[in-house]
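J.: Here is a sequence together with a model predicted from it:
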Amino acid sequence: MLLLNHPEAVTLKEVIDMQTVIRLPLVFNSDTEPFELRFKVLDTPYVSRQGWLPYATEAEWLAYVAEHRDPSSTRVIE
């Protein structure tokens, strides 16, 4: 995913379950402030750069997670 409308935001993928994590500085000038996050899906089969992790594609990641699942985890990964 590519965050389109907040260039000051920092995004990363959590390698455990590939969730996108966003660190976004927000400034509130009143009790409530509207904000919107717009994303563009990247047209790539890769979830990480090849060679960085034991997987690079979503299929490889799913296989890796299935083999290394923590039995005490409550996360649902499909």
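T.: Now that the structure is in, tell me what you want to look at. Numbering: from 1, shown residues only.
J.: To what extent is the residue nearest to A56 when sequence neighbours are not counted buried, counted in neighbours?
T.: Among residues not flanking A56 along the chain, Q50 sits closest, at 4.4 Å (CB to CB, 6 or more residues apart in numbering). (C-beta placed from N, C-alpha, C; glycine too.) Using other CB atoms under 10 Å, the number of residues around Q50 comes to 10.
J.: what are the phi and psi angles of Q50?
T.: phi -60, psi 130 (degrees, to the nearest 10).
J.: Kindly report the same for K40.
T.: Torsion angles, degrees, to the nearest 10, at K40: phi -120, psi 130.
J.: Quick check: bridge partners of it?
T.: For K40, the beta-bridge partners under DSSP bridges are L2.
J.: tell me the SS of E60?
T.: helix (DSSP: H, G, I helix; E, B strand; the rest coil).
J.: do D31 as well
T.: Assignment for D31 (three-state DSSP): coil.
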